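Undergrad: quick one, what's the 3D model for this:
(one chain, ligands or ions: 1)
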Amino acid sequence: MSDYHIRLYKDSDYELVRNLFECGILEHTRVAFYHSLTVPHIWLFMLVVFLFPLLTTGSIPLSILAGTLAIVGLWLGTTDIYHTYVQHSLSDDMQDIHKYYLQRDGYCYWVAESAGEVVGMVAAVPTSHSSGERHIELKRMSVAKSHRGKGIAKVLCRTVIDFAREKGCSAVILETSFAQIDAQRLYEKMGFRYIRTCYAPKFTAKLIDFRLVFYQYDIPTGR
Ligand SMILES: CC(C)(COP(=O)(O)OP(=O)(O)OC[C@H]1O[C@@H](n2cnc3c(N)ncnc32)[C@H](O)[C@@H]1OP(=O)(O)O)[C@@H](O)C(=O)NCCC(=O)NCCS
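TA: Have a look, this model is predicted:
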């Protein structure tokens, strides 16, 4: 028997939910940073930053300093993408979760509770496709590190799919990032299909090859 259950969000969950959201996003900074170090134009940039002081002043310490500063800049640029996203979300839908998700038709927010503690969460937001079809967007999926690998995310995912079906929607859509490998595996395992990839709307995102990945789950009709 599972040691957790899924229920609707309550205001008293706020601090834990906020923390789960922040940690779940920020934990990918390192993967995105390491990835940026493999991008060819970043290599070229690093080479120029290193060689320029060396060739103009002949100073190796200055070249190393310039290279180090460039790497620090790259790290700060990567963390900025994640922190900006977290700050934006916390002042948007995550500011008053009850009001945003539980007082509006078609929206919802669930948590997974284990031993009285919130260990997972997911949200649903109604959207409409240009074809006129109604979709549900799956958002804010996160499971505490201590409770991963127990199938909690699969149950949360299924909760959103069932909700979308009850609302008469034709699909569940979602957006994740290339760095969220576990999430991509989860969604593919749940039957979501890859739709497209694009750059996040920020100059630094393009610079460090930070891509968003879109998935869709088509709800079978007649069930
Ligand atoms: C992605 C995440 C929600 C998965 O939570 P979870 O409860 O551990 O996932 P589950 O135990 O339900 O696993 C579901 C499936 O996902 C895949 N999966 C999840 N974590 C995996 C891992 N570390 N390695 C390989 N596959 C993994 C597996 O296919 C797994 O199914 P299986 O065990 O039957 O093979 C969790 O890792 C997380 O919170 N990550 C940080 C936040 C995040 O990236 N959220 C997604 C926002 S779009």
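Undergrad: any buried residues in the strand ranked longest in the chain, and which?
TA: Of all segments of type strand in the chain, defined using DSSP state E, the longest is strand 117-128. If you call a residue buried by 16 or more other CB atoms under 10 Å, then strand 117-128 has these buried ones: Val118, Val119, Gly120, Met121, Val122, Ala123, Ala124, Val125, Pro126. All C-beta atoms are positioned from the backbone trio N, CA, C, and that covers glycine.
Undergrad: correct me, but Lys202 touches His83?
TA: No. Between Lys202 and His83 no contact is recorded; they are 11.8 Å apart, counting by CB atoms under 8 Å.
Undergrad: immediately after the longest strand of the chain, which helix or strand?
TA: Counting by DSSP states H and E, the element after strand 117-128 in chain order, helix or strand, is strand 134-143.
Undergrad: report all helices and strands that that next one contacts.
TA: helix 14-26, strand 117-128, helix 152-166, strand 171-177 (3 or more CB pairs under 8 Å, 6 or more residues apart in numbering; DSSP states H and E).
Undergrad: per-residue pLDDT of Arg223, please?
TA: Predicted confidence (pLDDT) for Arg223: 49.
Undergrad: do Tyr101 as well
TA: On the pLDDT scale, Tyr101 gets 98.
Undergrad: let's have the helices and strands packed on strand 134-143 in TSV, adding distance to His5 and mean pLDDT.
TA: Formatted as TSV, the helices and strands packed on strand 134-143 follow (distance: least, CB to CB, whole Å; pLDDT from 0 to 100):
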stretch	distance to His5	mean pLDDT
helix 14-26	15	97
strand 117-128	11	96
helix 152-166	9	98
strand 171-177	22	97
